[in-house]
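[1] build me a structure from this.
(chains A and B)
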Amino acid sequence: AQSVTQLDSQVPVFEEAPVELRCNYSSSVSVYLFWYVQYPNQGLQLLLKYLSGSTLVKGINGFEAEFNKSQTSFHLRKPSVHISDTAEYFCAVTTDMGRRALTFGSGTRLQVQP
Amino acid sequence: GAVVSQHPSRVICKSGTSVKIECRSLDFQATTMFWYRQFPKKSLMLMATSNEGSKATYEQGVEKDKFLINHASLTLSTLTVTSAHPEDSSFYICSATGTSVQETQYFGPGTRLLVL
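    Model prediction:
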């Protein structure tokens, strides 16, 4: 079975500063990785995904993530955050694209301060 | 991107009644739909996986007689919470995927259930 660890439950950051949200996974087989964002009282929106190919993945809203197989990580980064980026961010993994169920991390609350 | 809707967005019901939540894929055929439950300030917990025309596969610890899932068509899955109790109050989120959506799960906006 796979698992996902998001080490930081909350990340406060000032507007226009860079941010990195950490995600580590555990699996004995190949994985497919995702980052989702959830705004208050809303569902999840896909930010980006890694299925194969280039390990640097660019997503929406200026976010990017890098798949590092040796460190089993898939950290999310943005060079300059905005107030509107304040939300909950979830890292997710699946090892079975046929079944495609996702295992989610516990989430990281990004709080952008003016 | 693909769109998934849920109805209702929020519902309040009395203890002992049943509540049905609908999940629809609006612009693609959803061969597989998933139902998740999210507690306040917590992550999403997979409840069950449903494939069109088949019985749902429930995760360990999820009562199949309590949470009835039907996936009768390629665009609709329903979750019925039977004999709801206050502890069933939660945020229920569905997601859908299909061969035409590049192996990505698209999530509905969620349904907030409050059982009094």
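
[2] measure how buried residue B:8 is and give me the count.
    Counted by other CB atoms under 10 Å in any protein chain shown, the residues lying close to residue B:8 total 13. C-beta: built from backbone N, CA, C; applies to glycine.

[3] quick check: it touching residue B:109?
    No. Counting by CB atoms under 8 Å, residue B:8 stays clear of residue B:109, with 10.7 Å between them.

[4] what sits in contact with each of these two?
    Common neighbours of residue B:8 and residue B:109 are not found (criterion: CB atoms under 8 Å, 6 or more residues apart in numbering or on different chains).

[5] list the contacts for residue A:41?
    Residue A:41 sits next to B:110, B:112 when contact means CB under 8 Å, 6+ apart.

[6] name the residues linked to the residue positioned nearest the centre of chain A by a beta bridge.
    In chain A, the centroid-proximal residue (CA atoms, centre = their mean) is residue A:35; its distance is 3.4 Å. Per DSSP bridges, the residues bridged to residue A:35 are residue A:48, residue A:91.

[7] how near is it to chain B?
    Distance of residue A:35 to chain B, given as CB to the nearest CB, to the nearest Å: 12 Å.

[8] next one: residue A:53
    Using CB to the nearest CB, residue A:53 is found at 13 Å from chain B.

[9] what's the burial count for that residue?
    Other residues near residue A:53 come to 8 when the count uses other CB under 10 Å.

[10] now check the lowest-mean-pLDDT helix or strand in chain B, is it near chain A?
    Here the helix or strand of chain B ranked lowest by mean pLDDT, DSSP states H and E is strand B:106-107, holding a mean of 88. Yes. Judged by CB under 8 Å from any CB of the partner chain, strand B:106-107 comes into contact with chain A through B:106, B:107.

[11] list the helices and strands that strand packs on?
    Packing partners of strand B:106-107 (3 or more CB pairs under 8 Å, 6 or more residues apart in numbering or on different chains; DSSP states H and E): strand A:44-50, strand B:90-97.

[12] in its sheet, what does it sit against?
    By DSSP bridges, strand B:106-107 pairs with strand B:90-97 (antiparallel).

[13] who's in contact with the strand it pairs with?
    For strand B:90-97, the surrounding residues in contact (CB under 8 Å, 6+ apart) are A:43-44, A:100, A:102, B:2, B:4, B:6, B:21, B:23, B:25, B:28, B:30-40, B:44, B:77, B:79, B:103-108, B:110-113.

[14] what subset of those is buried?
    Among the contacts of strand B:90-97, the ones that count as buried by 16 or more other CB atoms under 10 Å in any protein chain shown are A:43-44, A:100, A:102, B:2, B:4, B:6, B:21, B:23, B:25, B:28, B:30-38, B:44, B:77, B:79, B:104-108, B:110-111, B:113.

[15] which of the residues you listed fall in strands?
    Judged by DSSP state E, the buried ones among the contacts of strand B:90-97 include A:44, B:4, B:6, B:21, B:23, B:25, B:32-38, B:44, B:77, B:79, B:106-107, B:111, B:113 as members of strands.
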